[in-house]
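Visitor: What shape does this take:
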Amino acid sequence: TVAVGRDANLPCVVEHLGGYKVAWIHIDRQMILTIHRHVISRIPRYSITYTDNTWLLHVNQAHQDDRGYYMCQVNTNPMISQVGYLQVVVPPNILDIESTPSSVAVRENQNINMTCRADGFPAPKIIWRREDGEEIAVEKKKKVLVYDADVLPLTKVSRNEMGAYLCIATNGVPPSVSKRIILDVEFSPMIWVPNQLVGAPSGTDVTIDCHTEAHPKAIIYWVYNSVMVLPSKKYKTDYTENSYRAHMKLTIRNLQYGDFGNYRCISKNSLGETEGSIRVYEIPLPSTPSKQVTHTTVESRENNIIPSSRNDTTKSLQTDVGYAMKNDLYPGSASSSSSGGSSSAASSSSSMQTSALPGGVAGNSLSSMGSKGSLAIGKSTFYTERPPNEYAASSVAGLLLHRALLFGSGIYLTLL
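Guide: Residues are numbered from 1 along each chain as shown. Modelled structure (predicted):
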């Protein structure tokens, strides 16, 4: 056996030849090739050599026509001969003219047959497989990794079957050959939006995105207020493509009032157009509370309130309470309370904690000992921002109003 184009040598061993002659004959052609050491055939690829009783017929660069039976004959009477067979094998060769072109297109959900023809000797075997290693859906969606036939039938083709298919021809004679056929499955664009509502505060950046599928390749872009969005200091666009899929992102920097609204992602190809909509709305930032949680310690040292907090809001509360004790409950007794109540003030003290509530400060407990009485405040609400003229101490009306507010807020008085 010899591959086409290679050299072949056919030996014939004859002992005790004497004066007889050796001839080589191609039986299939009925052609005498050589007689003894002379070449009779006019085919220059044939030659003869003799060494140690061995007559060697050389066939250079064998052709397929050289395939067949050869006879080595000695012209004795009766004639003696020996017959051999020369097999000339041919590696496979794909016939492009009889096969599907290297690129073929089909609309989604339609049928297509892809064909691959090859010649060679022995006759080649044809197999199909996908270049990406995925299974092939054939025979009513039966899936196989390798399909053995000249024709590959695909029914109701889906976009997932798009890609490169390999037709491979083998016959045991190296090398094997293959043909790569690209199958394009065409369909109009589709879009889906992961988040149709996106909220963000003013002054921040926000990113919105769309996913699209289309083939042929689609033109994809963003539109806001009927104007195409282009990359700029305000907008950043990103596009990632993978086969017929695309992922588009739009980043809006430093959101302002005019940036809130509906953004459209649009995908368009020769078969159609579609779009998705995303609404960007404003999320208000949480306002910083003006009334903070405060902690105040009040001690009855000579009837003077000593603050431990560090904000103006608490000072307002302390001033109001001190004012009520010194001027409202006992007008004119601030100095006497300071001297007469020093011993009791030294032996008794109390504390108050306040916490912010809507519109004021709630005090859990407050007590202060004086020479003539005690003031207890339980579960009272104090406005940390003094309403105008409510606590005016310059007139009797102001004193009465202030006292009414104290009692209305849950302040009660106990005289000793």
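Visitor: I'd guessed residue 269 sits against residue 212; true?
Guide: No. Assessed by Cβ atoms under 8 Å, residue 269 is found out of contact with residue 212, at 9.9 Å. Quick note: C-beta positions are derived from backbone N, CA and C, even for glycine.
Visitor: Find the residues that touch each one of the two.
Guide: 189, 218 (Cβ atoms under 8 Å, 6 or more residues apart in numbering).
Visitor: Neighbour count for the two, which is higher?
Guide: Neighbour count, other Cβ atoms under 10 Å: between residue 269 and residue 212, residue 212 has more, with 26 against 19.
Visitor: show me what contacts the more buried one?
Guide: By Cβ under 8 Å, 6+ apart, the neighbours of residue 212 are 189, 190, 191, 218, 220, 245, 246, 247, 248, 265, 267, 274.
Visitor: Bridged to residue 262, which residues?
Guide: residue 279 (DSSP bridges).
Visitor: ugh, typo on my part, it should be residue 58
Guide: Here residue 58, judged by DSSP bridges, has bridge partners residue 9, residue 47.
Visitor: how deep is it tucked in, by neighbour count?
Guide: 15.
Visitor: for residue 266, same thing?
Guide: 20.
Visitor: secondary structure class for the residue nearest to it when sequence neighbours are not counted?
Guide: Take residue 266 and drop its neighbours on the chain: the residue closest to it by Cβ to Cβ, 6 or more residues apart in numbering is residue 275, 4.5 Å away. Here residue 275 is recorded as strand under DSSP: H, G, I helix; E, B strand; the rest coil.
Visitor: partner strands of the helix or strand residue 34 falls within, parallel or antiparallel?
Guide: Following DSSP states H and E, one finds residue 34 within strand 31-35. Using DSSP bridges, strand 31-35 pairs in its sheet with strand 22-26 (antiparallel), strand 38-39 (antiparallel).
Visitor: Contacts made by the shortest one with the rest, please.
Guide: Same thing as strand 38-39. Strand 38-39 is contacted from outside by 33, 46, 47, 48, using Cβ under 8 Å, 6+ apart.
Visitor: Could you do stretch 214-233 as well?
Guide: Contact partners of stretch 214-233, identified using Cβ under 8 Å, 6+ apart, comprise 159, 162, 184-190, 210, 212, 235, 237, 239, 241, 244, 246, 248, 250, 253, 261-271, 275.
Visitor: Only the buried members of those residues: can you turn that into a ChimeraX selection?
Guide: Buried residues among the contacts of stretch 214-233 (16 or more other Cβ atoms under 10 Å), as a ChimeraX selection:
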select :159,162,185,186,187,188,189,190,210,212,244,246,248,250,263,264,265,266,267,268,269,275
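Visitor: now the stretch 201-350 of the chain, which segments are flagged as low pLDDT?
Guide: 288-350 (pLDDT under 70).
Visitor: Please, where are all the helices along it?
Guide: 312-323, 334-340, 342-347 (DSSP state H, counting those that start in this stretch).
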